[in-house]
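Trainee: pasting a predicted model and its sequence here:
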There are 2 protein chains.
Amino acid sequence: MKSRSYDSFFANFSNGTRLAIILCLKEKALSVGEIVEKVGGEQSNVSHHLEHLRRCKILNVEKKGKKRIYSLNKKTVMPMLRLVEKHVCNNCESCPMGCGSYAGG
Amino acid sequence: MKSRSYDSFFANFSNGTRLAIILCLKEKALSVGEIVEKVGGEQSNVSHHLEHLRRCKILNVEKKGKKRIYSLNKKTVMPMLRLVEKHVCNNCESCPMGCGSYAGG
DNA sequence: AACTCACATGATTAATATTTCATATGAAAA
DNA sequence: TTTTCATATGAAATATTAATCATGTGAGTT
């Protein structure tokens, strides 16, 4: 239950950068370059995060020429996000929970 | 999107100890002492984690004499856990995702 | 009132995760 | 086949979190 659980599923959502990546893929699949543009920061950093997300099957990859197109596993992710949105609405009127961070678009 | 999101909702599930606390409250509400017994470790540490969980309204507290009874916000938490269980079944046959960590009882 | 009990809190230390930097790889273009 | 583009990878540096230790607080007991 120790180190492994840190690399686990939920860690992907509790990290700002990874959450940003997830959110920016809600619309449509994007290449790494495009993701970097959207979320900002170093390419290598985004790449590291993409690996985590892929490992947990939150994202899928597909090669296309020399690009790699990442897409969101919506089946899991969308209901998850909705669940938390609802939770916040119901419980966190004005609590300091950082509610804004996942309520994207 | 920085430090705040770390203290955010999902962080509670990505931490082994906090997840253990959540799981041990699925059955019934427990006092701090009982939780400590179940999850092990120092009382103060458990207490710190309980605060996070309470802040995010994942747990509720109720005073009872000199004890404090913590209960789980099942409405949010249960469907969340189910969602991930399903995700793991569907996607992570044998991937090194630490799948065991939340599939508790 | 002094004493426990049950728990919380704050500061310090230890553990882990994320960022950055330098560089590697692999696909297409020239 | 050299070069460039798009992305990945590894190691070192930083930042963030969690665990520990010492102590505080408040409710009930004696």
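Mentor: Happy to help now that I have it.

Trainee: only C-alpha atoms for contact and neighbour calcs from this point on.
Mentor: Will do.

Trainee: spell out which residues of chain A are next to DNA strand D.
Mentor: Residues of chain A found near DNA strand D (CA under 7 Å from any atom of the strand) are A:31-34, A:43-45, A:47-48, A:50-51, A:66-69.

Trainee: out of those, who's near DNA strand C?
Mentor: Among those, the ones lying near DNA strand C by CA under 7 Å from any atom of the strand are A:Ser44, A:Asn45, A:His48, A:Lys66.

Trainee: dump those residues to a markdown table, plus neighbour count.
Mentor: Listed next are those as a markdown table, based on neighbours: other CA atoms under 10 Å in any protein chain shown:
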| residue | neighbour count |
| --- | --- |
| A:Ser44 | 11 |
| A:Asn45 | 12 |
| A:His48 | 11 |
| A:Lys66 | 7 |
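
Trainee: pLDDT on the longest helix seen in chain A, on average?
Mentor: Criterion DSSP state H: the longest helix present in chain A is helix A:74-91. For helix A:74-91, mean pLDDT rounds to 92.

Trainee: does it reach chain B?
Mentor: Yes - for helix A:74-91, a contact with chain B is found by CA under 8 Å from any CA of the partner chain, at A:Thr76, A:Met80, A:Leu83, A:Val84, A:His87, A:Asn91.

Trainee: how about TSV for those, with distance to A:Leu19 and neighbour count added?
Mentor: Shown next, in TSV, are the residues of helix A:74-91 next to chain B (distance: CA to CA, whole Å; neighbours: other CA atoms under 10 Å in any protein chain shown):
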residue	distance to A:Leu19	neighbour count
A:Thr76	14	17
A:Met80	12	17
A:Leu83	15	16
A:Val84	13	19
A:His87	17	19
A:Asn91	21	13
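
Trainee: farthest-apart pair in these, please.
Mentor: Greatest spatial distance among the residues of helix A:74-91 next to chain B (CA to CA): A:Thr76 and A:Asn91, at 22.8 Å.

Trainee: quick check: closest non-adjacent residue to A:Ser31.
Mentor: Using CA to CA, 6 or more residues apart in numbering or on different chains and skipping residues adjacent in sequence, the residue nearest A:Ser31 is A:Ile69, 4.3 Å away.
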